[in-house]
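> need a 3D model of the sequence below.
(chains A and B)
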Amino acid sequence: MQLSVNGERRDLGGDPRTTLLDFLRHSCGLTGTKKGCDHGQCGACTVLVNGIRINSCLTLAVMHEGDEVTTIEGLGTPADLHPLQAAFVAHDGYQCGYCTPGQICSAKGMIDEATRGWASFVSEDLSATPRLTREEIAERMSGNLCRCGAYPNIVDAILEVVEGAR
Amino acid sequence: MRPFDYHRAGGLAGAVRLVADGARPIAGGTNLLDLMKLEIEAPAALVDINRLPIDRIEESGDGLRIGALVTNSDCAADPRIRRDYPLLARAILAGATFQLRNKATTGGNLCQRTRCYYFYNVDQPCNKRAPGSGCGAIGGFNRIHAVLGTNQLCIATYPGDMAVALAALGARVEIASPEGGTRIIPVRDFHRLPGETPERDNVLEPGELITAVVLPAPAGGTQLYRKVRDRASYAFALVSIAAVVRMDGERIASATLAFGGLAHKPWHDPRIDAALAGQLPSDDLFDRAADLLLEDARVWGSNDFKVPLARRTLRAVLREATEIAA
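Got it, this is the predicted structure:
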């Protein structure tokens, strides 16, 4: 049984209790993905599975045979930052940084969802192409907590990437 | 988490067989794994049903058949749901977060368990988690708890949003049984009141597996989902109302209302719908509807506010719906 993590094949196996989060951190040594609450409440463990953002703490690794997982390590490197990573640095979108990998993976998933036309709770028109305003970004990122309270700068960083793409 | 055997279902018949043998089905896992980590749930075996071919939304008669594995996100994003069942899309988008909705499924969301603090705390009594141990919420902290359909055994609420919309829309649940047949029951009858067995959230029998939710023909009219909660996002409903209102000139032609946050199940009272039909909208009328809703309400201390909150929310929803529809 295998799955792909950041383009590399990885063997699954061992205890079926292993969450995808623990698999990434312990079996793959990819510690960018963070364990915050371990109950799907904080979003620090957000990764992309087949391009869709999920909480990696609330799913078992064994359920992901054949899937393609992207973690923060797969989005960019220190020498070649993803535009969201560069924007978080430029806008100081963190203080302690613990929630940041989850914030960035979540923001990547969010931008792709909006591109697909997905509405949110605050969208006035369910069928219109959503425009990622500050209000929309705040609602769509509400699954990622930042206990340092860097939210205004996080929204600034995401907005810069969204507007750069327009 | 307690050890368990992991099975992956190859087909529906195999999945149902494993469930009949006592395995717990796991789809999105966002609720079940949370509860397993806390050892509130400790199944000896899991059957992973994610690869079953019940993950599509298909046309069915005049309505739609939503496969049990359709994620909440995909359901809310479906162009037919957005156009013809906006109430359902709105209710789904009011719940949880994008990350959770990307995993949570239609069938699993119906089976979401209560968020009662005493259910979640294994050091506290809870008749739902440990039958016979008592109810910690009665006489304890019960801000989020039920005011309708309660008894001395359990005052927990069903926490979801999607099912409240499905109850208002008159949707049905399709269930595969271990004998190989299928039964179809209204969403309004799927969840149950605590009665003498609060450990049972719904009417699923051992070995049964939800395969789909079937929506009737589009209801049209004005469809609103109003959710009142402690935060603007990512919080469970204190009170929620799903409304489908159609007008005939100045009068209400029909109104169908369902309520979340008030009971052990999405609450639907046909007397309320009947009291509104054919009437001219007015605050007096809306108050009479609230009287019907709340005549048997019982409060428990920290949730006393839910009675006036439900009344005001109902008035606000009916005002808005009748104004838009007119």
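> near chain B, which residues of chain A show up?
Selection of chain A residues close to chain B by CB under 8 Å from any CB of the partner chain yields A:15-17, A:19, A:38-40, A:43, A:46, A:52-55, A:58-60, A:62-63, A:106, A:109-110, A:113, A:116-121, A:123, A:126-127, A:138-140, A:142-143. Just so you know, the C-beta spots here come from the backbone N, C-alpha and C atoms, and that holds for glycine as well.
> what sits up against the helix or strand containing residue A:85?
Per DSSP states H and E, residue A:85 falls inside helix A:83-91. Residues outside helix A:83-91 that contact it (CB atoms under 8 Å, 6 or more residues apart in numbering or on different chains) are A:75-76, A:81, A:93-94, A:100, A:103-104, A:107-108, A:153-154, A:156-158, A:160-161, A:164.
> ok, back up a step: which of the residues of chain A next to chain B fall within strands?
Among the residues of chain A next to chain B, the residues falling in strands (DSSP state E) are A:46, A:52, A:53, A:54, A:55.
> pick out the most distant pair among the residues you listed.
Taking CB to CB, the two most distant members of these are A:52 and A:55; they sit 11.4 Å apart.
> what about the two, which has more around it?
residue A:55 (33 against 18; other CB atoms under 10 Å in any protein chain shown).
> ok, now how distant is the spatially closest residue to the more buried one that is not a sequence neighbour from residue A:88?
Distances taken as CB to CB, 6 or more residues apart in numbering or on different chains put residue A:40 closest to residue A:55, at 4.4 Å, once the chain neighbours are dropped. Going from residue A:40 to residue A:88 by CB to CB, to the nearest Å gives 23 Å.
> can you name the residues that contact the residue of chain B found nearest chain A?
Relative to chain A, the nearest point of chain B is residue B:97 (2.8 Å; CB to the nearest CB). Residue B:97 makes contact with A:43, A:142, A:143, B:233, B:234 under the criterion CB under 8 Å, 6+ apart.
> chain neighbours aside, what residue packs nearest to the last one?
It stands for residue B:234. Nearest one to residue B:234, counting by CB to CB, 6+ apart, is residue A:142 at 4.5 Å.
> again, but for the fourth one
Of all residues beyond its chain neighbours, the one nearest residue B:233 is residue A:142 (3.8 Å), with distances taken as CB to CB, 6+ apart.
> need phi/psi at that neighbour.
Residue A:142 adopts backbone torsions of phi -70, psi -10, taken as degrees, to the nearest 10.
> same question for the one 5 residues further on.
With angles defined as degrees, to the nearest 10, residue A:147 sits at phi -70, psi -20.
> who are the contact partners of it?
Applying CB under 8 Å, 6+ apart, we find residue A:147 in contact with A:96, A:98, A:99.
> do residue A:30 as well
Counting by CB under 8 Å, 6+ apart, residue A:30 makes contact with A:5, A:6, A:24, A:71, A:73.
> which among the residues you listed count as buried?
The neighbour count (16 or more other CB atoms under 10 Å in any protein chain shown) marks A:5, A:6, A:24, A:71, A:73 as buried among those.
> among those, which are in helices?
Taking DSSP state H, the ones among these that sit in helices are residue A:73.
> in CSV: the buried ones among the contacts of residue A:30, plus pLDDT.
Shown next, in CSV, are those (pLDDT from 0 to 100):
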residue, pLDDT
A:5, 98
A:6, 98
A:24, 98
A:71, 98
A:73, 98
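> closest one of the buried ones among the contacts of residue A:30 to chain B?
The shortest approach to chain B among the buried ones among the contacts of residue A:30 belongs to residue A:71, at 14.3 Å (CB to the nearest CB).
> show the end-to-end separation of stretch B:130-137, please.
Stretch B:130-137 has an end-to-end distance of 14 Å (CA to CA, to the nearest Å).
> just the helices in the chain please.
All of this refers to chain A. A:20-22, A:72-75, A:83-91, A:100-115, A:134-140, A:151-165.
> that's the wrong chain, I wanted chain B
Along chain B, the stretches classed as helices by DSSP H are B:12-20, B:32-37, B:72-77, B:79-84, B:86-93, B:98-101, B:106-110, B:117-120, B:162-169, B:270-276, B:283-294, B:306-325.
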